[in-house]
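Asker: Compute the structure for the input listed below.
(2 chains)
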Protein chains: 2
Amino acid sequence: MEGEWILMVTAKAPSNISVIKYWGKRNEALILAVNESISITLDLNHLCTTTTVAVSPKFKKDRLWLNGKEMSLSSDRYQNCLREIRSRGDDFEDDEKGIKIMKVDWMRLHFHMASHNNFPTGTGLASSAAGFACLVFALAKLMNVKDDMSQLSTIARLGSGSACRGLHGGFVKWVLGTDKKNGKDSFSIQLEDEKHWEDLVVLIAVVSSQQKEISSAEGAPLTVATSPFLHYRAKEVVPKRIVEMERAIRSRDFTTFAKLTCADSNQFHATCLDTSPPLFYMNDTSHRIINCVEKLNRHEEVPQGAYTFDAGCNGFLFARDRKAAALLLRRLLYYFPPNPDTDLSSYILGDKSILKDAGLENIDDVEKLPVPPEIRDKVPAQRFRGNINYFICTRPGPGPVLLSDQGQALLDPVTGFPK
Amino acid sequence: MEGEWILMVTAKAPSNISVIKYWGKRNEALILAVNESISITLDLNHLCTTTTVAVSPKFKKDRLWLNGKEMSLSSDRYQNCLREIRSRGDDFEDDEKGIKIMKVDWMRLHFHMASHNNFPTGTGLASSAAGFACLVFALAKLMNVKDDMSQLSTIARLGSGSACRGLHGGFVKWVLGTDKKNGKDSFSIQLEDEKHWEDLVVLIAVVSSQQKEISSAEGAPLTVATSPFLHYRAKEVVPKRIVEMERAIRSRDFTTFAKLTCADSNQFHATCLDTSPPLFYMNDTSHRIINCVEKLNRHEEVPQGAYTFDAGCNGFLFARDRKAAALLLRRLLYYFPPNPDTDLSSYILGDKSILKDAGLENIDDVEKLPVPPEIRDKVPAQRFRGNINYFICTRPGPGPVLLSDQGQALLDPVTGFPK
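Answerer: Residues are numbered from 1 along each chain as shown, chains lettered A, B, ... in the order given. Sure thing, here's the model as predicted:
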């Protein structure tokens, strides 16, 4: 394989948020979870990773740039992903450019890979899940891999457990599997596509925090090793919840969906607390977000909202419909007004049309929000200004997509290095 | 029964802090716990309730004053306690005063009762536990009840579950029992007295909080009704921990004691989080106290401290010995310096001699505390000024005591009303 040519593919992949939680592995090397999980894929337009992968005979080694900074590929996570995807590459021919790559060539060729999140990394917005899903998807396209999304998900899984669910849009289940040797049957399947439940609104509260949290990769093995609750949860609680959640999603039963989503988030954090030493991911602001949703639901009798928190303090909220989302947003903005001189359009990101539904035009409307009726009779409610950085309003979305516009590529088509 | 005489008894009873936690009842009316618990009785000199009970033919009804304010006795808790203790009263004769009370008279005579805590109520410092233990003990003395402390503990239990453990000093276990009809065998026993483990130092961090918490009485039944974890904990986890904790206490094995105490506190809070809606008792300050102890222990390799939190945000800390207590206090004061213009002697209450061990004479010494060595290499540690109201340094202490000095009575010996 010689020449100056560069073959390049750019893809976008979404984040996903689990509603039945994945925490802890039964096999660390193969990244096989202790229990099944279910997630919702979030709209690419609001939260996504863009990845460009390129191959060329002139590349001397595999290289990766994340948000412009070169990263080491030495970890098992990257090495396992790259090895697996290479082994599935197929013959490729481009007569026009005079490129011909045989199946066996993929084992010798090197990749340049560049990735970028349209949201801040390390904020707990599932960047590694989106990142590995995107990398595997882009490489598969580049190498003419014939596998379907579920097969590809077993490779993404080797990078990051939750990335396994990032290959599909809509509502996704990560199946436990039984293959102990290779974990080939521990993949994700789409339960329903992103059009299935159009009423559902997702609101993300990105919480301001100065606390340094223990990463999922560090924390989850501690829970597996020390929490008596985790094993009971995996064996006795989750299997039933998976069945109930699948049914709730299938029938768009928001009441059951909300009950299960909240209970499973809380139970996941309970196993973190049951770890020695204990893991705290939620903070006082997270607790206040939960109380806000619980109070609204009690007041409205039929649940209007649900919450889930990953290994971080950000709240992922679901609203029954646009009307419920407006109710919820008004309350959240009552409790958590932004710092002075914040523009409303930089405080509510994503689908800003929610502001109109909530009857909010500018920051003055936020300041003048009335006390929520559910707490009107009690002591004056406190407002926690500045405790939330911003909100993102979004919805369920599709899986990874190829970008045909080369202008969006992150690598230079001539040099193969980041633009 | 006629006359103007008043018979009066005053007693002091201690608070206790559980190290294997009680949360949830298998029988609400009888207050029978879902699992056994173990507690340490705290020194009366630093945390106690004083109660005066009086009986007189001229009293028209049972009356109770808590910290000077009259309280209703209509709840089952009071009614059950009073009924049980009355049924155990014995003949009493005082020739000098010309008082003769027969066993049956106790059912018709009325009591005036006044109680006072030497620490703020509602701060989560187990005031109801000390209160009911003291009330039952004082009434038993007044009525010449012949029962031993374990038998009396079944009556205190009817007032408040944790009061059951407040009749003994030192290290106390609340036995599960099997009697379903009356709960007569669900009592407390002393494992070891307060002299058994003299090295042990107790430090209480009273956390500033504006959050209104759900009381144990309201919260625990919610956990029983909704948490899948609670039942697993009661059945599979606690029985083993009880055995291990008894052995650790018996052999003064601080390393095991610390491991179990911390794990059980965290697991109790995990069941609170696993409740629908979730119960949060710890806040960010509580989490920081935990991290402070965990970091110290990791740094020292052999555990020097342990922590436990009840249904509130205050931290109850144990130190291996005076030296460890000094290490711990220096760290706590580093992270949590008091508000400006606070006097050190009003910030450290109880046994203030700990300050000398910690090398702290005044508030300037607190301000100048060095960064704890375990975090020296990391990012500069934050200090959380004003997040703790005050500390109390104390130790294991004896059970309830009678006060012979009538000057300390809370009721007027002539009128029978609060002084």
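Asker: what ranges do the helices span in chain A?
Answerer: Per DSSP state H, chain A carries helices over the ranges A:76-87, A:127-142, A:149-159, A:216-226, A:228-232, A:238-250, A:254-273, A:284-300, A:322-335, A:344-347, A:354-357, A:363-367.
Asker: Looking at those, which one is packed in the most?
Answerer: With neighbours defined as mean count of other Cβ atoms under 10 Å in any protein chain shown, the helices of chain A peak in mean count at helix A:127-142, which reaches a mean of 28. Yep, even glycine has a C-beta here, placed from its N, CA and C like the rest.
Asker: related to what we said a few turns ago, save the helices of chain A as a markdown table, and put in mean pLDDT and distance to chain B too.
Answerer: Compiled in a markdown table, the helices of chain A are given as follows (pLDDT from 0 to 100; distance: least, Cβ to the nearest Cβ, whole Å):
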| stretch | mean pLDDT | distance to chain B |
| --- | --- | --- |
| helix A:76-87 | 96 | 25 |
| helix A:127-142 | 94 | 22 |
| helix A:149-159 | 97 | 27 |
| helix A:216-226 | 95 | 8 |
| helix A:228-232 | 98 | 5 |
| helix A:238-250 | 98 | 9 |
| helix A:254-273 | 98 | 4 |
| helix A:284-300 | 96 | 4 |
| helix A:322-335 | 97 | 13 |
| helix A:344-347 | 94 | 23 |
| helix A:354-357 | 96 | 25 |
| helix A:363-367 | 93 | 22 |
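Asker: Of these, which is nearest B:Asn35?
Answerer: helix A:228-232 (13.3 Å; Cβ to Cβ).
Asker: What is that closest one packed up against?
Answerer: helix A:254-273, helix B:228-232, helix B:254-273 (3 or more Cβ pairs under 8 Å, 6 or more residues apart in numbering or on different chains; DSSP states H and E).
Asker: Same list (these) but as CSV, adding distance to B:Asp90.
Answerer: Below are the helices and strands packed on helix A:228-232 laid out as CSV (distance: least, Cβ to Cβ, whole Å):
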stretch, distance to B:Asp90
helix A:254-273, 49
helix B:228-232, 41
helix B:254-273, 39
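Asker: Please determine how far A:Gly166 is located from A:Arg250.
Answerer: For A:Gly166, the distance to A:Arg250 equals 21 Å [Cβ to Cβ, to the nearest Å].
Asker: now do A:Glu374
Answerer: Distance of A:Glu374 to A:Arg250, computed by Cβ to Cβ: 31 Å.
Asker: and if you look at A:Glu4?
Answerer: 53 Å.
Asker: Same question for A:Asn389.
Answerer: Between A:Asn389 and A:Arg250 the distance is 35 Å, computed by Cβ to Cβ.
Asker: ok, now A:Pro418?
Answerer: A:Pro418 sits 44 Å away from A:Arg250, going by Cβ to Cβ.
Asker: that older thread, please identify which of the helices and strands packed on helix A:228-232 is closest to B:Ser216.
Answerer: Nearest to B:Ser216, of these and by Cβ to Cβ, is helix B:254-273 at 10.1 Å.
Asker: Tell me who's in contact with the nearest residue in space to A:Asn297 that is not next to it in sequence.
Answerer: Beyond its immediate neighbours in the sequence, the residue positioned closest to A:Asn297 (Cβ to Cβ, 6 or more residues apart in numbering or on different chains) is A:Pro303, lying 4.5 Å away. Residues near A:Pro303 by Cβ atoms under 8 Å, 6 or more residues apart in numbering or on different chains: A:254-255, A:258-259, A:297, A:320.
Asker: Turn these into a markdown table, including distance to B:Asn144.
Answerer: Shown next, in a markdown table, are the contacts of A:Pro303 (distance: Cβ to Cβ, whole Å):
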| residue | distance to B:Asn144 |
| --- | --- |
| A:Phe254 | 64 |
| A:Thr255 | 59 |
| A:Ala258 | 59 |
| A:Lys259 | 55 |
| A:Asn297 | 55 |
| A:Arg320 | 65 |
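Asker: which two in these are spaced the farthest apart?
Answerer: Taking Cβ to Cβ as the measure, those span a maximum distance of 12.5 Å, between A:Lys259 and A:Arg320.
Asker: Where does pLDDT dip in the stretch 1-150 of chain A?
Answerer: A:1, A:120-124, A:126 (pLDDT under 70).
Asker: If we use 50, what do you get?
Answerer: Within the stretch 1-150 of chain A, not a single segment meets pLDDT under 50.
Asker: Residue of it closest to chain B, please.
Answerer: A:Lys21 (12.5 Å; Cβ to the nearest Cβ).
Asker: Touching, that residue and A:Ala263? I think so.
Answerer: No - in this structure, A:Lys21 is not within contact of A:Ala263 by Cβ atoms under 8 Å, at 10.4 Å.
Asker: is it true that A:Thr50 touches A:Asp405?
Answerer: No - look at A:Thr50 against A:Asp405 with Cβ under 8 Å: they stay out of range, at 11.2 Å.
Asker: Looking at the two, which one has more neighbours?
Answerer: The neighbour count for A:Thr50 versus A:Asp405, taken as other Cβ atoms under 10 Å in any protein chain shown, is higher for A:Thr50 (21 against 7).
Asker: for that one, which residues make a bridge with it?
Answerer: A:Lys12, A:His116 (DSSP bridges).
Asker: dump the residue contacts of it.
Answerer: When contacts are counted by Cβ under 8 Å, 6+ apart, A:Thr50 touches A:10-12, A:115-116, A:118, A:134, A:403, A:408, A:410.
Asker: The closest residue to A:Gln408 other than its chain neighbours: how many residues sit nearby?
Answerer: Distances taken as Cβ to Cβ, 6+ apart place A:Thr10 nearest to A:Gln408, at 5.7 Å, with adjacent residues excluded. A:Thr10 has 25 neighbours, counted by other Cβ under 10 Å.
Asker: Which residues are in contact with A:Thr10?
Answerer: Contacts of A:Thr10 (Cβ under 8 Å, 6+ apart): A:50-53, A:138, A:402-403, A:406, A:408-410.
Asker: Most neighbours among these, which one is it?
Answerer: A:Thr51 (31 neighbours).
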